[in-house]
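Enquirer: generate a structure from the sequence data that follows.
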Amino acid sequence: MIILTFEALSTIVVLAIIVEFTTEIVKSIVPSIRGQYSRIVAILLGMILCVSTRSGLLAIFMIEPFFLPQIDYFLTGLIISRGSNILHDLVAKINIASAKP
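Expert: Residues are numbered from 1 along each chain as shown. Modelled structure (predicted):
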């Protein structure tokens, strides 16, 4: 179970890195994309990537979305749109919480 979770979280981190780099590439191609538009591009890329790969954080932790698995993909897309740093922080907090007796 722990190995499965680690592999799944590693996949999510890789997706976040892909979104981060792809957003930077889009911004370099279209210089007018700055500020909030940059965030919108990252969110869209994150959601598209999670939906197309069927990657979701809720599923990793065996939490079933109430009726639509796509909700998990969209939420995960939002999270990975923040970039790899936020996911690294999230994983660290999860590890700390699971280490507490």
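Enquirer: quick one: contacts for the residue positioned nearest the centre of the chain?
Expert: Closest residue to the average C-alpha location of the chain: residue 80 at 2.5 Å, with CA atoms, centre = their mean. Counting by CB atoms under 8 Å, 6 or more residues apart in numbering, residue 80 touches 12, 15-16, 19, 46, 49-50, 87. Where you see a C-beta, it was placed from the backbone N, CA and C, and this is true even at glycine.
Enquirer: farthest pair in those residues?
Expert: Taking CB to CB, the two most distant members of these are 49 and 87; they sit 13.2 Å apart.
Enquirer: where exactly do the helices run in the chain?
Expert: Assigned by DSSP state H, the helices in the chain fall at 2-29, 36-53, 57-60, 69-80, 84-99.
Enquirer: most packed of the ones you listed?
Expert: Burial of these is given as mean neighbour count (mean count of other CB atoms under 10 Å); helix 69-80 ranks first at a mean of 19.
Enquirer: JSON lines for the helices of the chain, including mean pLDDT?
Expert: Formatted as JSON lines, the helices of the chain follow (pLDDT from 0 to 100):
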{"stretch": "helix 2-29", "mean pLDDT": "81"}
{"stretch": "helix 36-53", "mean pLDDT": "91"}
{"stretch": "helix 57-60", "mean pLDDT": "82"}
{"stretch": "helix 69-80", "mean pLDDT": "89"}
{"stretch": "helix 84-99", "mean pLDDT": "66"}
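Enquirer: returning to what we had before: got CSV for the contacts of residue 80, with distance to residue 60 too?
Expert: Shown next, in CSV, are the contacts of residue 80 (distance: CB to CB, whole Å):
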residue, distance to residue 60
12, 7
15, 12
16, 14
19, 17
46, 16
49, 15
50, 12
87, 12
